[in-house]
Every structure is written in structure tokens, then in C-alpha cells.
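Undergrad: this one's sequence-less:
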């Protein structure tokens, strides 16, 4: 995951306040950078009338900075999206693993098989809580609950496998191993995000590039407030999207939890008198 940088620590309280707050802060920062650059450009223009060659050179350099920054921004969004897709795919994988383990526990039959199936149902609820937990949720407590269910499930399965080592019990043990491995993979996926250094470089690069754009506008003597604001809004939107995709518990873009909910419904014991 990488050690947090100083800039990442500065922005973390803003990110925790929500993506809207982050968007406002970034827009204000970039607007200030653009205004400072514009005033410096106007000051340079007031010192001596810039030649067309000087204005053209500033335009070329500014365009290069913005192009390079756009590439970095696209790369960052791609990194964040890959991590989001990994979490999303792992939800389906874990739901399938839990469902398979529950069905194989019922094949054991008897009180022990029913006990394991019931524990797997409780475990599925704990994993659902982990997947949809907010940033302020007691994630450690949820993980401890799931780990306790794992130990109890494994203890019962160990007793059955040692007493009756049949292909059915072997399949159950294999399914439980897959289920536990899926939970570890999902936990790692939720802990991972875009390296903080990339986000820091993106923010600093945005400030410099937008400042250079303001300088070029000031040097040319044209402010272009509407187009500049639209560009900043689009830029901030892409940056916020990268952060939103990167942080599964802070943003508004969340992985689908329906596969786990469907699995829990399938594992629920039949109602008395039901079909």
C-alpha cells in the first residue's frame, strides 16, 4: 500500500469528509494556482510587451505540461479502476466460495453438518458487513468476528474429517480452505489503493501545470474565465474519481454486495411449512 506522504496526510481529513469536500478544496487550490500564474503573466506583460515568439513558446511549454499531466491523470484513474474491479470480482469469488462450502456442509448431514452450515451462514453475514462497512465502522471488530467464525468452523470440520475421512469430508475441507483464502484476498484488496506518491505527484503537477496555464493566459492578455473554470472542473472531477475508486470505504463508488446477499439467502434454513 505504501507509506503515506506528507501531502496525503494533509488531504486525508478532507477525503474523509467526502468527495464533495475534496472536489471543492481541489478546485479552490487549482483556481488559486491559475490566478497566481495569471497575475505573474500580467506582471511580465506589463514589464515589456512579449513577442509573438515568447507567447508561442509559453503556449507550447504549457501545452506539453498539460498533456503530460493528462497522461498521469489517466494512468492514475486506470490504477484506481483496476483495484476497484479486483474488489468487485473478489466479492463474487468469495460469495461463490461461501455458497459452495455451505452446500457441502449440508451434505455431511447430522447435527455437526447443520452446525457447520449455520456457522457458515453467520460467517457470510460477517463478510457482508466487512464488504459494505463505512470508514467509521469498527472494521477490526468485524474482522475479529469473522476470524472467530473461521476457527469454530475449522474445529468442527477437523473433528469430522479425522473421525470420518471420506471424499465428502475431503471436499468440505477443500471448500472451507477456498472460502478462507477468498476472505484474505478480499481483505488485501480492500487495504490496497493507488500509491500515495502517485497522488502526491498528481496534485503537485496539477498545481504547477495550471499555474503555468494561468501564466500563459496572463502573458497573452486573455483571462478566459469560463473556459478555465470548465477545464478546472473537469480536471478536479477526474482527480476525485481516482480517489473515489481508490478508497473503497470513503468514496461514493462501492462494490456490489448483491452476490453475498444472494448467498446468504440461499444458505438460510427453510422456513417451517415452507415450500
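TA: Yep, that arrived. Everything numeric in this text was worked out from a predicted model, so none of it was measured.
Undergrad: Against residue 142, how distant is residue 149?
TA: 11 Å (Cβ to Cβ, to the nearest Å). For every residue, glycine as well, the C-beta is placed using N, CA and C.
Undergrad: cool, and residue 123?
TA: From residue 123 across to residue 142, the span is 11 Å (Cβ to Cβ).
Undergrad: got the contact list for residue 36?
TA: 211, 214 (Cβ atoms under 8 Å, 6 or more residues apart in numbering).
Undergrad: And the pLDDT at it?
TA: For residue 36, the model assigns a pLDDT of 91.
Undergrad: Now do the SS call for it.
TA: helix (DSSP: H, G, I helix; E, B strand; the rest coil).
Undergrad: More neighbours: which of residue 123 and residue 142?
TA: residue 123 (25 against 18; other Cβ atoms under 10 Å).
Undergrad: Now the more buried one: which helix or strand?
TA: Secondary structure from DSSP states H and E places residue 123 in helix 110-132.
Undergrad: how far does the helix or strand following that helix sit from the chain's center?
TA: Counting by DSSP H and E, the next helix or strand C-terminal to helix 110-132 is helix 139-163. Averaging C-alpha positions (Cα atoms, centre = their mean, to the nearest Å) puts helix 139-163 28 Å from its chain's average.
Undergrad: What residues of the helix or strand following helix 139-163 count as buried?
TA: Using DSSP H and E, the next helix or strand after helix 139-163 towards the C-terminus is helix 167-191. Judged by neighbour count using 16 or more other Cβ atoms under 10 Å, the buried positions of helix 167-191 are 169, 171-173, 175-176, 178-180, 182-183, 185-187, 189-190.
Undergrad: so what does the helix or strand residue 210 falls within touch, helix or strand wise?
TA: Here residue 210, judged by DSSP H and E, is contained in helix 196-220. If you count contacts as 3 or more Cβ pairs under 8 Å, 6 or more residues apart in numbering; DSSP states H and E, helix 196-220 packs onto helix 6-17, helix 19-47, helix 52-108, helix 225-246.
Undergrad: TSV for those helices, including distance to residue 196?
TA: Below are those laid out as TSV (distance: least, Cβ to Cβ, whole Å):
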stretch	distance to residue 196
helix 6-17	4
helix 19-47	15
helix 52-108	11
helix 225-246	10
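Undergrad: hang on, the earlier thing: quick one: contacts of the helix holding residue 123?
TA: 91, 94, 98, 101-102, 105-108, 137, 139, 142-143, 145-146, 149-150, 152-153, 156-157, 159-160, 172, 179, 183, 186-187, 190, 254-255, 257, 260-261, 263-264, 267-269.
Undergrad: For the stretch 101-250 of the chain, give me the ranges with low pLDDT.
TA: For the stretch 101-250 of the chain, the stretches flagged by pLDDT under 70 are 136-137.
Undergrad: rerun that using 90 as the cut-off
TA: Applying pLDDT under 90 to the stretch 101-250 of the chain flags the ranges 105-114, 132-140, 159-169, 187, 189-207, 211-229, 231, 235-250.
Undergrad: per-residue pLDDT, the residue of the chain positioned farthest from its centre?
TA: Centroid-distance maximum for the chain: residue 48 at 49.9 Å, with Cα atoms, centre = their mean. Per-residue confidence at residue 48 stands at 72 (pLDDT).
Undergrad: Pull the residues that contact stretch 243-252.
TA: 15-16, 18-19, 22, 77, 79-81, 83-84, 87, 133-135, 137, 139, 190, 193-194, 199, 253-255.
Undergrad: for stretch 55-63, same thing?
TA: With Cβ under 8 Å, 6+ apart as the criterion, stretch 55-63 contacts 209, 212-213, 215-216, 219-220.
Undergrad: tell me which residues in stretch 248-256 are buried?
TA: Within stretch 248-256, the residues scored as buried using 16+ other Cβ under 10 Å are 248, 250-251, 255.
Undergrad: How far away from the center of its chain is that stretch?
TA: 6 Å.
Undergrad: That one: end-to-end distance?
TA: In stretch 248-256, first residue to last residue: 11 Å (Cα to Cα, to the nearest Å).
Undergrad: What of stretch 253-260?
TA: Where stretch 253-260 begins and where it ends lie 18 Å apart, using Cα to Cα.
Undergrad: returning to that earlier point: could you turn the buried ones of the contacts of stretch 243-252 into a ChimeraX selection?
TA: Selection of the buried residues among the contacts of stretch 243-252 in ChimeraX, burial being defined by 16+ other Cβ under 10 Å:
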select :15,19,22,77,79,80,81,83,84,87,133,139,190,193,194,199,255
